[in-house]
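Visitor: With the input below, show me the fold.
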Amino acid sequence: MAARNQLLIAAVFCAAVYAWVALGLFVFKSALLTMIVYHVALCGGGWFFLRPKLRLRFSTKRIGAAALALTSGFALTWLVIEHILPLLAPHAIPSVTLGSLNAVGLNAQSYLLIAVYFGLMNPLAEEAFWRGRILPTLADARTPAPNLLHAIIFAGYHVMPLSLMFTQLWLPAAVVFIGGIIFGIVALRTRGLLVPLALHFGVNAAFSSGSRASSTRGIRSGIARSVLESPRDNQR
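Guide: Numbers count the residues shown, from 1 in each chain. Purely as a prediction, here's the structure:
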C-alpha cells in the first residue's frame, strides 16, 4: 500500500514538473526562472514528498567507478556528437540564435552564465530526483520495466527545452532516452548515485565542448554561433 501511495505521489509530482517547465518556457518565457524552480522542486519537493531510495554512497570501489564513468562518459558522448550524429542526421545539430535566446529571456552573455550553472546543478538535481526517487519508486511499486518507464518520463520533459534548440526532435529525444536508461542501469547496479552523477557530469561537459569543437569544423551549432558573433554581425 505504501509503495502504491508513493507511486501516486510520484505521478502527481512528475505531472507538476512537466506543467511547470511548459509554463516557464512558453508562458513566462524565462529560462532562468524555469531552471531555478525546476531544480528547487526536484531537490526540495522530491525530498519532502518522496522517500529517497538511492543516495550518494562513497567507497573506494565507487570512487574509482565514478572516475571511470566521468572520463568514459565524456569521451563517448563527445565521439557521438562529433562524429556519429553529423553522419546520421547532419540537420539535427542545434540551432540557437540570439532571437531564440531572447524569446526565453536570455542573451549571448547570460546564456554562458546559465550554462555554467546548469552544467553544475542539473546533474545533481536530476540524479537525486529521477534516479534517487522516481526509479526506485517505480521498482518498489512493481511497475512493468521500471527503468524503461522512468527513462521515458525523464526524456519526455526534455522535449520542451529541446524544441527551442532542435528542429528535428526525434534524435535528441532518443539520445536523452538512451541516456536515461544508462543512468538508471548504473544507479541500480551500483546501488547509489555517485557513479551515475559522475557519468551525468561527463555527458553534460561533452555536450558543451562538443558544440564548440564542431563549430571549428564547419558544423557550427547555433549556440556557439550566437555567442561568438558580435551584435553587429547578428543585426545584418
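
Visitor: Pop out the phi and psi values for residue 191.
Guide: Backbone torsions for residue 191, taken as degrees, to the nearest 10, come to phi 50, psi 40.

Visitor: again with residue 59
Guide: phi -160, psi 160.

Visitor: ok, it to residue 187 distance?
Guide: To residue 187, residue 59 is 15 Å away according to Cβ to Cβ, to the nearest Å. For every residue, glycine as well, the C-beta is placed using N, CA and C.

Visitor: Which one's more surrounded, those two?
Guide: Counted by other Cβ atoms under 10 Å, residue 59 and residue 187 do not tie: residue 187 has more neighbours, with 26 against 11.

Visitor: wait, isn't the more buried one in contact with residue 199?
Guide: No. Shown here, residue 187 and residue 199 do not form a contact pair, counting by Cβ atoms under 8 Å, at 9.4 Å.

Visitor: Identify, by residue count, the longest helix of this protein.
Guide: The single longest helix within the chain, with elements called by DSSP state H, is helix 2-26.

Visitor: What residues sit buried inside that one?
Guide: 6, 7, 9, 10, 13, 14, 17, 20, 21, 24, 25 (16 or more other Cβ atoms under 10 Å).

Visitor: for stretch 164-176, same thing?
Guide: So stretch 164-176, judged by 16+ other Cβ under 10 Å, has buried residues 164, 165, 166, 171, 172, 173, 175, 176.

Visitor: end to end, how far does that stretch reach?
Guide: Start and end residues of stretch 164-176 are separated by 15 Å (Cα to Cα, to the nearest Å).
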